[in-house]
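> Fold the following for me, if possible:
(one chain, ligands or ions: 1)
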Amino acid sequence: MRDGRRQLVVIGAGFAGLACARAAAQRGVETTVLEAQPEPGHRIRTTGVLVKEAADAWDVPRSLTRKIHGVRLYSPSLDWVDLERPGYYFLATETGALLAWWAREAARHGVEVCWDVPFSGSQDVSDGTVWLLGQGFGCEYLVGADGARSTVARDRGLDANQELLSGFELECVGLGGVAEDRLHVFLDSELAPGYIAWIVPGTSCYQVGLACRHPHRPDPEQLIASLSRRFDTRHLTVLGHRCGWIPVGGPLRRIGDERSLLVGDAAGWVSPLTAGGIHTSIEWGRLAGIAVADHLLDGGPLPHQALRRSIPSFRYKRWLRRLVDIEMPNPVVDRLLSVPLMRQIARLVFFHHRGVMSRDAWREWLGSSRARLEGLGVRS
Ligand SMILES: Cc1cc2nc3c(=O)[nH]c(=O)nc-3n(C[C@H](O)[C@H](O)[C@H](O)COP(=O)(O)OP(=O)(O)OC[C@H]3O[C@@H](n4cnc5c(N)ncnc54)[C@H](O)[C@@H]3O)c2cc1C
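Numbering: from 1, shown residues only. From the prediction side, this is the model:
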């Protein structure tokens with residue numbers, strides 16, 4: 001630190017903040033992360049399932065993960081269909097340990113990570129410093145990676161997430177009858193209006209959760225009562241819980257100014273449809289770190305302007321979210337899930353993270369439709 005001023009301060013040691021800090025530090029930016037929690041994984045606010053692309057891009061230690069090869073999608077009446085894609089898998093994670101590993105990775109690249117240091121506000125000084133209130137130091141540039149309800153966004157007058165899901169998850173043992181190689185996904189507009197419920201056979205326990213469109217509130221007791229219609233819950237023991245907000249309105253527009261930038265959930269970088277945000281937090285958090293380094297070290301454009309080209313708008317997923325928000329009655333959902341076309345769409349959503357309208361997704365869909373028609377004796 002020179003003259004009580006760091007080059008870059010990142011608020012939040014989650015996936016996005018650490019990815020951004022690591023990339024900037026690796027390029028020579030003097031980088032500090034301030035995290036409100038006393039240690040990594042102290043309070044976990046995610047299920048922590050990684051898509052294959054994230055694990056591949058990032059060389060996650062396999063000892064902290066468990067592969068799951070497909071999705072079992074349940075209708076409200078608990079009929080189900082298995083969805084798979086050859087060669088594809090998801091990874092359940094030892095999430096606290098994974099965050100600790102990710103923090104060590106950042107430190108290895110030169111990032112100073114300070115735990116138990118909450119950010120409360122900032123003040124711009126005429127010499128270009130962003131002064132951090134109550135910290136006794138400032139920085140040249142500030143990044144807010146402090147989650148869906150970002151204090152940095154509020155403090156800097158940037159956009160804030162308006163469309164949110166409220167998520168709640170139980171960590172439990174003693175749940176009988178769960179196929180271990182599936183992510184179990186439950187569609188039920190009464191139980192989880194605006195989203196889904198789930199069982200993830202995790203690395204050391206079952207993660208049983210649900211999320212609802214705000215202002216609905218997740219009701220874990222109702223969830224267990226509903227699951228007991230298909231699974232053996234008599235010996236279920238709850239070990240802990242996780243909860244948090246998920247932004248589903250898509251990437252925010254005003255995510256930066258001359259001296260600051262939002263990344264990750266704070267910037268709305270979450271799929272509006274699947275509500276997965278870890279992969280995007282890491283991938284785009286890294287791009288943000290590169291943009292900040294280019295700006296600070298080489299006079300590159302303001303980072304939020306540089307990022308504009310790289311962050312997609314999630315246009316189609318936002319449309320599909322509107323459909324989910326209609327909260328269709330359960331009998332309609334039951335009927336829809338029995339239609340092969342709807343199952344194909346569900347498969348695209350779960351297995352094509354590059355976009356449900358991507359060329360790959362449609363090529364695969366056309367391929368499987370042709371194979372089915374040929375199976376029926378129809379030649380195209
Ligand atoms: C219940 C639930 C389940 C989910 N499941 C999945 C899933 O399985 N797969 C997936 O891809 N996505 C999932 N998501 C979404 C995913 O967790 C997020 O998109 C992702 O974690 C965002 O990372 P982030 O670093 O932007 O924010 P966060 O992970 O929220 O990290 C923000 C960090 O900032 C810190 N912080 C906050 N305020 C301050 C402050 N004032 N000062 C200092 N530090 C502060 C917080 O303590 C936290 O460590 C889930 C979300 C929820 C809520």
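
> out of everything not next to it in sequence, what's closest to the residue positioned nearest the centre of the chain?
Centroid-nearest residue in the chain: Gly277, 1.8 Å away (criterion: CA atoms, centre = their mean). Sequence neighbours aside, Val270 is the residue nearest to Gly277 in space, at 3.6 Å (criterion: CB to CB, 6 or more residues apart in numbering). For every residue, glycine as well, the C-beta is placed using N, CA and C.

> How about Asp232?
Distances taken as CB to CB, 6+ apart place Gly176 nearest to Asp232, at 2.9 Å, with adjacent residues excluded.

> mind listing what that neighbour touches?
231-235 (CB atoms under 8 Å, 6 or more residues apart in numbering).

> How about Leu210?
Counting by CB under 8 Å, 6+ apart, Leu210 touches 167-169, 186, 191-192, 195-198, 218-220, 223.

> Out of those residues, the closest to the ligand would be?
Closest approach between the contacts of Leu210 and the ligand, by CB to the nearest ligand atom: Gly167, at 2.8 Å.

> near the ligand, anything from whatever helix or strand that closest one lives in?
In the assignment (DSSP states H and E), Gly167 maps to strand 164-173. Yes. Contact of strand 164-173 with the ligand (CB under 6 Å from any ligand atom) involves 167, 169.

> contacts for that strand?
47, 148, 194-195, 202, 205-214, 216-218, 220, 224, 236-249, 275.

> do stretch 143-152 as well
With contact meaning CB under 8 Å, 6+ apart, stretch 143-152 is reached by 8-14, 16-18, 20-21, 36, 45, 119-122, 142, 153, 156, 158, 160-161, 164, 244-247, 260-266, 285, 288, 292.

> same check, this time on stretch 280-289
For stretch 280-289, the surrounding residues in contact (CB under 8 Å, 6+ apart) are 14-27, 29, 54, 57-58, 143, 145, 261, 263-265, 269-271, 303, 307, 310-311.

> try 6 Å
Stretch 280-289 is contacted from outside by 15-16, 19-20, 23-24, 263-264, 269, 310, using CB atoms under 6 Å, 6 or more residues apart in numbering.

> Filter those residues to keep only those in contact with the ligand.
Among those, proximity to the ligand is found for 15-16, 264 (CB under 6 Å from any ligand atom).

> Derive a ChimeraX selection command for the buried subset of the contacts of Leu210.
Buried subset of the contacts of Leu210, written as a ChimeraX selection, criterion 16 or more other CB atoms under 10 Å:
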select :167,168,169,186,191,192,195,196,197,198,218,220,223
